[in-house]
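1. structure for this input, please:
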Amino acid sequence: MSHTTPLSESSLSRRKALGFGLLGAASLTAVLTGCSTGSDTPAASAGAADFPSYYPADYSAIVDASKAEGGKLTIYSNTDQENWAPILRDFKAKYPWTQVSADNLDSDEVFQRQLSEMATGKAPADMLVSNAVQAWANYASDPSRLMAYDSPETKELPKNAVLMPNVWAMSLDPVGILYNTALLKDEPASIEALAKTVSADSATFKNKITTRDVKGAWGFTVSHAFTEGNSDAWTGLDEILPAARPETSSGTQKEKIMSGEYVAGFFISSAVGYPAQDASGGLVKFVLPTDGTVVLGRGIGITPKAPHPATAKLFLDFVLSETGQNAVAEGGLSSYRESVELTEGRHTYQEVEKVAGKDGIIQVPYEVVPDADVTSFVSKWDAQLGA
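-> Prediction:
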C-alpha cells in the first residue's frame, strides 16, 4: 500500500504505520449550503478558459454534468461547521447551483456509516472526509470502496498531499498543546516542558491536565505517533499522565480548558486549537510542541457509487486548488499549497515547518498498526493515567 512521502529524508525513519479504528459515536448533522459572495466568475457559463491551463480541455463537461445532477453533494465528515464555512462559501460562489450538506460525525463513524449503507445498496454519501488514519487505511485497503479519479490538481501539489490512492489531504493539521493563560503562567513550549511544570507541583495539577482517550482512533493515532517519533517521549509522559484525564474530543477539551476545569491539554487538534485561540481574546493559547509535532492529513475521497459524481469531482478539485486551499486556511485548518497567503488567523503546513522544524514534524502515513501493538500501547498508556 502506498503512502505519503515526508518532505525530508532525515525524518523518514521516524514515520511508522500508525492508526486505530474503534468506536462509533452519536452524530451531529449540520446542513451547510453556504452563501454566494458573487466574487468569482459565474460558473453557469464555465468553460475551459475559466480553469487553470493545466486542466483538461474538456473539463467543462464535468461542470455540465454537475448541473444535470442538480449540484447536490453529501459529505460524511468529522469536520466542524466553522472549518467548513469558508470552503462551502467559496465553492458555492464558483458553482452557484450547488448545494452541499456535510454531516459532522465521529471520526470512525464516517466509515462505519458508509460501509453499513453500502451493504444495503443505498449509500447516499458522495464524499468522505476524516483524519482517522486507521479507519481510512482499513476502508481504502479495498480499492473498490473509492472512485478512481485523476484530479488535475494532483501534479501541482506536494507529494505528501496524496495520502493513499484516490485519497488526498484536504489539510495537513498539526497536533499541539492548548492551555489557559490565566491559570498557567509559563507557556509549555513542549511536552517535556509541560511535564516539568506538572511534576514540580503534582498536587496542584492533579486531574487538571487533559489528553485524548487512546481507546479511540484519533487519540491512539496521535499519542502513538508521538512516542514513535520521539525516542524520549515516555520520559515526559510518565510525569504528565498521572495528572491527566482523557476526553473523547478536542471540542470537549477546549471547552473545559476555557472554563478552567483543566489548566492545559496536550495532543489537541489544531482544527480546534487555532480557532479557540483566535476567538478567546487571549484566554487560551495553542502551541506546537518543539519536541515533536504530530501532523495528520485530513483525508478526502469520492465514494465508488457517488450519487453526484460530477459535483464530487468539482468539489475535490476545488478543495485542492489554490482558491480552495485559501478557504481551508481561513476556516482554521492548515493548508499546504505554497501560494496560500499566510495572514493573521490563517495557518499553513509551511508555518508548522518553521515552528517545529522539518525534522521535528511527525507525519503520520495512512497505514494500519497491528492489533497487538495497539493493545500493548493502550494498556501502557491507561496504566499511567491518574484516577
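2. do a quick rundown of the helices in the stretch 1-150 of the chain.
-> Using DSSP state H, counting those that start in this stretch, the helices of the stretch 1-150 of the chain run over 60-69, 81-94, 109-120, 133-140.
3. Phe266 is in contact with Ile257, correct?
-> No - the pair Ile257 / Phe266 is not scored as a contact, 10.7 Å apart, by C-beta atoms under 8 Å. Using the backbone N, CA and C atoms, a C-beta is placed for each residue, glycine as well.
4. any common contacting residues for the two?
-> By C-beta atoms under 8 Å, 6 or more residues apart in numbering, Ile257 and Phe266 have these common neighbours: Thr210.
5. I'd like the helices of the stretch 1-150 of the chain as a markdown table, with mean neighbour count, mean pLDDT and distance to Tyr366 appended.
-> Formatted as a markdown table, the helices of the stretch 1-150 of the chain follow (neighbours: other C-beta atoms under 10 Å; pLDDT from 0 to 100; distance: least, C-beta to C-beta, whole Å):
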| stretch | mean neighbour count | mean pLDDT | distance to Tyr366 |
| --- | --- | --- | --- |
| helix 60-69 | 17 | 96 | 26 |
| helix 81-94 | 22 | 95 | 20 |
| helix 109-120 | 17 | 93 | 13 |
| helix 133-140 | 26 | 89 | 5 |
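6. minimum distance to Lys354: which of the ones you listed has it?
-> When those are ranked by proximity to Lys354, the top entry is helix 81-94, at 22.4 Å, counting by C-beta to C-beta.
7. mind giving me the packing neighbours of the closest one?
-> If you count contacts as 3 or more C-beta pairs under 8 Å, 6 or more residues apart in numbering; DSSP states H and E, helix 81-94 packs onto strand 99-104, helix 270-279, helix 309-320, helix 322-330.
8. how about TSV for these, with distance to Val369 added?
-> Conversion of the helices and strands packed on helix 81-94 to TSV gives the following (distance: least, C-beta to C-beta, whole Å):
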stretch	distance to Val369
strand 99-104	26
helix 270-279	23
helix 309-320	28
helix 322-330	28
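9. closest one to Val129 among the ones you listed?
-> Nearest of those (C-beta to C-beta): strand 99-104, 7.7 Å.
10. okay, now the sheet partners of that closest one, with direction.
-> Using DSSP bridges, strand 99-104 pairs in its sheet with strand 28-30 (antiparallel), strand 72-77 (parallel).
11. and Pro165, how many neighbours does it have?
-> Neighbourhood size, Pro165 [other C-beta atoms under 10 Å]: 13.
12. swap in Lys72?
-> 16.
13. with Gln384 instead?
-> Other residues lying near Gln384 total 14 when counted by other C-beta under 10 Å.
14. thank you, goodbye.
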